[in-house]
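In: output the structure for:
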Amino acid sequence: QVHLVESGGGLVQAGGSLRLSCAASGHTSSTYGAGWFRQSPGQGREFVAAISLTSGNTYYASSVRGRWTISRDNAKNMVYLQMNDLRPEDTAVYYCAIDVNLRRLWDVEEYDYWGQGTQVTVSS
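Out: Numbers count the residues shown, from 1 in each chain. Reported below is the predicted structural model:
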């Protein structure tokens, strides 16, 4: 079991920045993949960014590429999402997740463990 806790969400004006953190505990491993997803009311869970905890290779949705950065600190069992140039359409609940098989990191169905989510609201 892997337990995930997100933090860092909040209310920010358009153009602002936030940094989300995901703390992992339990059966953690640097061989896993980690991802961030988001969900707006009435919508499905959408891929945002992912990282291989082994290689550090990163993957981004086209909507956030160039604005946001995913990173990890394996020694601290932490994954981060630096979000710059936030837009009102980025408003959602953001979830951290772990994929123990490190396969299709953009696929929500691949993930095995999920955090409880943190709300991000961007005002115009």
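In: residues contacting the residue sitting nearest the centre point of the chain?
Out: What sits nearest the mean C-alpha location of the chain, by Cα atoms, centre = their mean, is residue 36, with 2.1 Å. The neighbours of residue 36, taking Cβ atoms under 8 Å, 6 or more residues apart in numbering as the test, are 20, 22, 48-50, 70, 79, 81, 94-97. C-betas here are computed from N, CA, C, even on glycine.
In: pull the number of nearby residues for the residue nearest to residue 46 when sequence neighbours are not counted.
Out: Nearest non-adjacent residue to residue 46, counting by Cβ to Cβ, 6 or more residues apart in numbering: residue 38, 5.4 Å away. Using other Cβ atoms under 10 Å, residue 38 has 23 neighbouring residues.
In: tell me the bridge partners for residue 38.
Out: Per DSSP bridges, the residues bridged to residue 38 are residue 46, residue 94.
In: tell me the spacing between it and residue 118.
Out: 10 Å (Cβ to Cβ, to the nearest Å).
In: return every residue with contacts to both of those two.
Out: Counting by Cβ under 8 Å, 6+ apart, the residues touching both residue 38 and residue 118 are 93-94.
In: which residues of the protein fall in strands?
Out: 2-7, 10-13, 18-26, 33-39, 46-52, 58-60, 68-73, 78-83, 92-99, 113-114, 118-123 (DSSP state E).
In: wouldn't residue 121 be in contact with residue 93 here?
Out: No - Residue 121 is beyond contact range of residue 93, at 9.9 Å (criterion: Cβ atoms under 8 Å).
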